[in-house]
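In: Coordinates for the following, if possible.
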Amino acid sequence: MKRTPKYVLVAEKLRSDIEKRYGPGDRLPAEPQLCARYNVSMITVRQAVKELAGRGIVSREQGRGTFVLDRRPRNPLKRVAYIYQTTFSSLEQDPVTGEAFAGVFAACSAQGISTLTLPVGDVTDSSPPDRRLLSPVTYRGLGADGLIIYAGPFPEEYIRGVAESSSLPVVLLNGNSPSIPSVSVDHRGGTRQALEHLYALGHRRIGFLYYHRAGRLSPSFDERYKAYVAFRRKHRLEELPSLVAGVDAKRPAGRSEATALLAAGPTAIMAANDRLAMAVYDAARDLGWSVPRDLSVVGFDDAPCAVNACPPLTTVRAPVRELGSEAVALLRRMADDSGRHKSRRVRTGLVVRDSTAPARRKKTARKSL
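Out: Model prediction:
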């Protein structure tokens, strides 16, 4: 009967020790230590390690040592649930949320992953949570393997509750969380670009118009507002409460709030998104103001309405569709590996069109006769 080579016996002992003592990524003891442990020669140890490397159990890295490979069964994504809050009424009517989902859908389709949407009604600190999404039964019934949550105005506690209840890999889209990996636009950087553009044109009385829901700003609008505050302090501009106005997202038109903002006599307005910029256009037109002659306007997102506006809107281009595909890529990595995963910020770019011009003297909100 043919004898089993000694290095094969040592390889089996080492494999057994790996299963009992070491985890994925752990470095094995140096070769002299293994020689002492198994009372064999250096050549035998090297042959044993080579045997395990060939079986995909360990990896030998020159100058660093031998490491245990991760052989845990993978959890490939088959179905992704996209959770979003209905700020307006649907993915079609909210272009940014819809564009983000389009990116998710395209990336999933290209990889053979199915998708489903889970729209959620109003969720605030004071409103009762949507219990469906806080029950593991929901996700088992839907067959979801991972979740992408579009941040919107969801409270942090709600997002964390959904993530914990699902026991699935979760990625937060267009928001930030200390406990959940996220993919987000660089909201502050984009806002700074827009405001510095206005400042270079000589504007000093710059208003800011944003959305809120029951007094709560979504993570994206909160970041943009903080960038506006930091910009004013950087340039030591007078902080006038009348130059800032919020629009309740339940009544999203924003025309009356924009009109009130114009009463403060700004020479330019930074709208926190392009939809609000259109409200500023309407308010200015009501007062007989001309954009950009009497008022410069900048938006954020580069939604379809921006390029079709009259005049075409200067805005910050947020690659929202790219966010969706990046979120799917991150979710796949999380499904394959339960370790820590870094959040990612996607850079924006300022698109200068015809809605901004050098500052003129201050206008007052008085209708022309």
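In: Now residue 148: phi and psi?
Out: phi -120, psi 120 (degrees, to the nearest 10).
In: quick one, what contacts it?
Out: 80, 81, 82, 83, 104, 170, 171, 173, 324, 327, 328, 331 (Cβ atoms under 8 Å, 6 or more residues apart in numbering). To be clear about C-beta, it is placed using only N, CA and C from the backbone, and glycine gets the same treatment.
In: Next SSE downstream of the helix or strand hosting the fourth one?
Out: In this structure, residue 83 sits in strand 79-85 according to DSSP states H and E. Going down the chain from strand 79-85, the next helix or strand is helix 95-110, by DSSP H and E.
In: helices or strands next to that following helix in the packing?
Out: Packed against helix 95-110 by the contact rule (3 or more Cβ pairs under 8 Å, 6 or more residues apart in numbering; DSSP states H and E) you find strand 79-85, strand 114-120, strand 146-150, helix 320-336.
In: What separation is there between the nearest residue to residue 341 once chain neighbours are set aside and residue 347?
Out: With sequence-adjacent residues excluded and distances taken as Cβ to Cβ, 6 or more residues apart in numbering, residue 341 is closest to residue 181, at 4.5 Å. To residue 347, residue 181 is 18 Å away according to Cβ to Cβ, to the nearest Å.
In: Repeat that for residue 53.
Out: Distance from residue 53 to residue 347, by Cβ to Cβ: 41 Å.
In: Okay, now the unreliable bits of the chain?
Out: 1-2, 71-75, 87-94, 121-140, 153, 252, 337-340, 361-369 (pLDDT under 70).
In: Please enumerate the helices of it.
Out: Counting by DSSP state H, the chain has helices at residues 6-21, 31-38, 42-54, 95-110, 136-142, 156-166, 187-200, 219-234, 255-262, 274-286, 304-308, 320-336.
In: Minimum distance to residue 298: which of those has it?
Out: helix 187-200 (4.5 Å; Cβ to Cβ).
In: Show the contacting residues for the residue nearest to residue 313 when sequence neighbours are not counted.
Out: Of all residues not flanking residue 313 in the chain, residue 306 sits nearest, at 4.1 Å (Cβ to Cβ, 6+ apart). Going by Cβ under 8 Å, 6+ apart, residue 306 touches 274, 277, 299, 312, 313, 315, 351, 353.
In: farthest pair in these?
Out: Farthest pair in the contacts of residue 306, by Cβ to Cβ: 277 and 351, 12.4 Å.
In: intersection of neighbour lists for the two?
Out: What both residue 277 and residue 351 touch, as defined by Cβ under 8 Å, 6+ apart, is the set 306, 315.
In: Please say which of those two ends up with more neighbours.
Out: Set residue 277 next to residue 351 and count neighbours by other Cβ atoms under 10 Å: residue 277 wins out with 29 against 17.
In: Next up, the contacts around the more buried one.
Out: 269, 271, 297, 298, 299, 306, 309, 313, 315, 355.
In: ok, back up a step: what is the nearest of the contacts of residue 306 to residue 42?
Out: In terms of Cβ to Cβ, no member of the contacts of residue 306 lies closer to residue 42 than residue 351, at 64.7 Å.
In: Any figure for the gap between the closest one and residue 161?
Out: Applying Cβ to Cβ, the value for residue 351 to residue 161 is 38 Å.
In: shouldn't residue 262 be in contact with residue 281?
Out: No. With contact defined as Cβ atoms under 8 Å, residue 262 does not count as touching residue 281 (11.2 Å).
In: Count the residues that sit near residue 76.
Out: 12.
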